[in-house]
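In: Following is a predicted model, sequence given first.
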Amino acid sequence: MDGLDRARREIGLAPVTDAAGQELVPRRTFAYDTRVIAVGSVANDFGVTGVAEHCVYLDDHRQADRLQQRLLNDLLRAQVQPDPLREGQLHVAIVGAGATGVELAAELHRATRRLVAYGLDRIDPGRDIKLNLIEAAPSVLPALPERLQVATEEQLGRLGIEVLTGEQVSEVTEHAIHTKSGRILPAEVKVWCAGVRGPDFLRHLEGLETNRLGQLVVDPTLRVTSDDHIFALGDCAACPQAGSERPVPPRAQAAHQQAQALATNLVRRQQHKPLRPFVYNDYGSLVSLSYSAIGTLMGNLFGSVMIEGKLARLTYLSLYRRHQLALHGFGWVVLSTLSHLLARGTQPQLKLH
């Protein structure tokens, strides 16, 4: 999407091009009666020098593929080079210790420990590969309950992942991360997971109000503040939260609940009934630590319950299957689960492409 004509109720879609930049599909416009914007978010670099040039983002699967290929190339280079490894050559710095940063750090720890099985025997993961997790807040997972923060940090410490909290990044260079406290952390691979904002094009849509993070400002019914025919949900929307000065957090469960609420409201809109305000309910948080999981579940019966280990891992996987169920249906999920279980013994433990 690259344009909006509110008077004519039309949106513009940018041309589609191939890898060489050649136009495949020309620019198009589409009319609408009611419009829903659910374009998600992008990484927020907060204007820190060098982030855009030297850090990898994880906004979409293409960037994830880029990170994977970068790591594999660096490891292969280290395996075959005649000279000893230079300082920081296989160090990875992850900026942002929210759920994305924490899960990535744990997954990278697991993956690098399996490299020997693929012939990279010159690399000693414990000696040559170092994982740093950098967070400006006083603790990891700053948006989650304190006991979950403590348990997660302890688990990361047992994995040998160095967690640096209360450290704000001031600059990123080609070979290092610099913090405001004066620390210099050598790292060839730098991943930025420090926050999210709305995509840039939202700021330039005709007459739609955005906040300082570039998110569309919506009312409790998820309708944008300046147009009765446009709604927004998910990370791209700044939705007020009942009883709190903070907006609804940019989390998957919030977007899921908003989708359900907006589906109901769109039906009520067609029936000329008043729209109902969206109310966010926090049902807890689950964080995968690759080998296990940790989290809290919230409900009316037992309040907040903290779970760890295999039970948390099973709950995490069950939640993933629930998302698939919503998208693909019961039959697809059953066949997919059976296929996965049957193929576990034949699939590689680490993808190399």
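Out: Arrived safely.
In: residue boundaries of the helices in the chain?
Out: Listed in chain order, the helices of the chain (DSSP state H) span 51-54, 61-80, 99-113, 125-128, 146-158, 252-270, 309-328, 330-343.
In: which secondary structure elements does the first one contact?
Out: Looking back up the chat, that one is helix 51-54. If you count contacts as 3 or more C-beta pairs under 8 Å, 6 or more residues apart in numbering; DSSP states H and E, helix 51-54 packs onto strand 169-172. Backbone N, C-alpha and C define where each C-beta goes, glycine included.
In: Who are the packing partners of the strand it packs on?
Out: Contacts defined by 3+ C-beta pairs under 8 Å, 6+ apart place strand 169-172 against helix 51-54, strand 176-179.
In: Give me the neighbour count for residue 132.
Out: Number of residues near residue 132 (other C-beta atoms under 10 Å) recorded here: 20.
In: Any idea what it is bridged to?
Out: residue 93, residue 162 (DSSP bridges).
In: I'd assumed residue 88 was in contact with it.
Out: No. In this structure residue 132 lies outside contact range of residue 88 using C-beta atoms under 8 Å: 10.1 Å.
In: Could you check how far stretch 284-303 is from the centre of its chain?
Out: Put simply, stretch 284-303 sits 18 Å off its chain's centre (C-alpha atoms, centre = their mean, to the nearest Å).
In: can you check stretch 242-250 too?
Out: That offset, for stretch 242-250, works out to 19 Å (C-alpha atoms, centre = their mean).
In: Ok, stretch 338-349 next?
Out: So, by C-alpha atoms, centre = their mean, the centroid of stretch 338-349 is 26 Å from its chain's centroid.
In: Identify the residues contacting that stretch?
Out: 114, 117 (C-beta atoms under 8 Å, 6 or more residues apart in numbering).
In: Any regions of the stretch 101-250 of the chain where pLDDT drops low?
Out: 116 (pLDDT under 70).
In: Excluding covalently adjacent residues, which one is nearest to the residue positioned nearest the centre of the chain?
Out: In the chain, the centroid-proximal residue (C-alpha atoms, centre = their mean) is residue 100; its distance is 5.2 Å. Distances taken as C-beta to C-beta, 6 or more residues apart in numbering place residue 193 nearest to residue 100, at 4.5 Å, with adjacent residues excluded.
In: Do I have it right that that neighbour meets residue 93?
Out: No. Counting by C-beta under 8 Å, residue 93 is not a contact partner of residue 193; they are 10.7 Å apart.
In: For the closest residue to residue 64 other than its chain neighbours, what are phi and psi?
Out: Distances taken as C-beta to C-beta, 6+ apart place residue 58 nearest to residue 64, at 5.7 Å, with adjacent residues excluded. Here is the backbone geometry of residue 58 (degrees, to the nearest 10): phi -130, psi 50.
In: measure residue 58 to residue 213 for me?
Out: Separation of residue 58 from residue 213 (C-beta to C-beta, to the nearest Å): 18 Å.
In: repeat for residue 131
Out: Relative to residue 213, residue 131 is positioned 28 Å away (C-beta to C-beta).
In: who's more crowded, those two?
Out: residue 131 (24 against 17).
In: what sits against that one?
Out: Contact analysis of residue 131 by C-beta under 8 Å, 6+ apart lists 91, 92, 94, 105, 108, 109, 160, 161, 162.
In: which residues touch the closest residue in space to it that isn't next to it in sequence?
Out: Sequence neighbours aside, residue 161 is the residue nearest to residue 131 in space, at 4.7 Å (criterion: C-beta to C-beta, 6+ apart). Residues near residue 161 by C-beta under 8 Å, 6+ apart: 105, 106, 109, 131, 132, 133.
In: Which two among those are spaced furthest apart?
Out: Using C-beta to C-beta, the contacts of residue 161 span at most 13.6 Å, a distance reached by 106 and 132.
In: Domain ranges for the chain, per the record?
Out: What automatic domain parsing lists as the domains of the chain is 1-32, 51-196.
In: Most tightly packed of these?
Out: Of all the domains of the chain, domain 51-196 has the most neighbours on average by mean count of other C-beta atoms under 10 Å, namely a mean of 17.
In: Would you pull up how far that one lies from the middle of the chain?
Out: Computed by C-alpha atoms, centre = their mean, the chain-centroid distance of domain 51-196 equals 15 Å.
In: now the end-to-end length of it.
Out: Across domain 51-196, the terminal residues are separated by 14 Å (C-alpha to C-alpha, to the nearest Å).
In: Next: stretch 85-101.
Out: End-to-end for stretch 85-101, by C-alpha to C-alpha: 26 Å.
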